[in-house]
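Visitor: After the sequence you'll find the predicted model.
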Amino acid sequence: MDTFALIVTIGVALGFTYTNGFHDSANAIATSVSTRALTPRAALAMAAVMNLAGAFLGQGVAKTVSEGLIDTPSGDKGMGVLFAALVGAVVWNLGTWYFGLPSSSSHALFGGLVGAALAGGSDVIWSGVVEKVVVPMFLSPIVGLVVGYLIMVAIMWLFRRSNPHKTKRGFRIAQTVSAAAMALGHGLQDAQKTMGVVMMALVISGSENFSDPIPVWVKIVCALMLSLGTYAGGWRIMRTLGRKIIELDPPQGFAAETTGAAILYSTSYIFQAPVSTTHVITSAIMGVGATKRVNAVRWGVAKNIILGWFITMPAAALVAAVSFWIVNLAFG
């Protein structure tokens, strides 16, 4: 196996992780920044540290990504499939970041893997794609919407006789904890996805077997790149999540972040399913906002976001397929 191809593929995987970090940093901190619970730089620093910590808390999601979606291709062609999949994901990430659309980096990666595998003649494990990607893609936003709504209703009932100013001040402090929990869940989910891809590259090269534990160095570099990307910040997307969907106050921000963190932890540890942090937090914000009144949520903005969710996988798959054909044409 060409060592150069392995190094380049791992380099692109780490580049994807970096774009994932600045693309999805808004997931963890947009609500805290918009309610002024944290300053932007303090929020980004906290998110970067918690992303780093979350990356070391498990590897179930990484195993799903590396073994459960496509049959591991072999040889130089296999490395080309993996390279093209990552190119498709990176291109989609950069495009949606430029337009401030909070699409899913996770589904960009999954779409890239499927598109490149189909173009390269590798088998797609459709049962795994449906069970671990498509079903959670539909269910997690619904769960986020409903749970966010219910948690916010519970908060409103519990604090119905409290002084509004004292309540908001208390929740502004509490948001420091809920934002940290959300960032930890982001690291737990998204760093593992890249670990799975790097592990697949190492298996293709013959350096590792799937039965081997994920090497410590893989965990460290993936976690560091995600954290660096997070600290770089995704200001365009942060404005969409923090302001354009609905103007949040501290109790609403706390409810949305608590909802998102709970869903990320449960899907990581119970189902080992790679869900989208973007889908989870965006739907939680919508659910929380709907408790004020249904038309308080800017559903036109929400509609554009949801449309982006559905086109992410096929769009990334198409870019990955074209990338594979170009690589195959250039290098045979």
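Guide: Ah, there it is.

Visitor: list the contacts for Phe324?
Guide: Gly80, Val81, Ala84, Gly115, Ala116, Ala119, Gly120 (C-beta atoms under 8 Å, 6 or more residues apart in numbering). C-beta coordinates here come from the backbone N, C-alpha and C atoms, glycine included.

Visitor: Apart from its neighbours in sequence, what residue is nearest it?
Guide: Nearest in space to Phe324, with sequence neighbours left out and distances taken as C-beta to C-beta, 6 or more residues apart in numbering, is Ala84 at 3.6 Å.

Visitor: thinking the one you found is in contact with Leu318, fair?
Guide: No. Because the distance of 11.2 Å does not satisfy C-beta atoms under 8 Å, Ala84 is recorded as not touching Leu318.

Visitor: list residues touching both of the two?
Guide: Residues touching both Ala84 and Leu318 comprise Gly115, with contact defined as C-beta under 8 Å, 6+ apart.

Visitor: In terms of neighbours, single out the busier of those two.
Guide: Ala84 (29 against 17; other C-beta atoms under 10 Å).

Visitor: name the element that one belongs to?
Guide: helix 75-98 (DSSP states H and E).

Visitor: Ala45 too?
Guide: Element membership of Ala45, judged by DSSP H and E, is helix 40-54.

Visitor: which of the residues in that helix are buried?
Guide: Judged by neighbour count using 16 or more other C-beta atoms under 10 Å, the buried positions of helix 40-54 are Ala43, Leu44, Ala45, Met46, Ala47, Ala48, Val49, Met50, Asn51, Leu52, Ala53, Gly54.

Visitor: What sits closest to the first one if chain neighbours are left out?
Guide: Right, the one you point to is Ala43. In this structure, Ala43 finds its nearest non-sequential neighbour in Ile29, 3.9 Å apart by C-beta to C-beta, 6+ apart.

Visitor: mind checking pLDDT for that neighbour?
Guide: pLDDT, the model's per-residue confidence, is 71 for Ile29.

Visitor: For it, give its distance to Gly75.
Guide: According to C-beta to C-beta, to the nearest Å, Ile29 and Gly75 sit 42 Å apart.

Visitor: ok, the two, which is more surrounded?
Guide: A side-by-side neighbour count of Ile29 and Gly75, using other C-beta under 10 Å, places Ile29 first with 33 against 13.

Visitor: Which parts of this protein are strands?
Guide: In chain order, the chain shows no strands, with DSSP state E as the criterion.

Visitor: In contact with the closest residue to Trp325 other than its chain neighbours, which residues are there?
Guide: The spatially closest residue to Trp325, leaving aside those adjacent along the chain, is Ala119, at 6.1 Å (C-beta to C-beta, 6+ apart). With C-beta under 8 Å, 6+ apart as the criterion, the residues that contact Ala119 are Val81, Ala84, Ala320, Ala321, Phe324, Trp325.

Visitor: Closest to Gln252 out of these?
Guide: Ranked by distance to Gln252 (C-beta to C-beta), these are led by Ala320 at 37.7 Å.

Visitor: I'm done for today, thanks for sticking with me.
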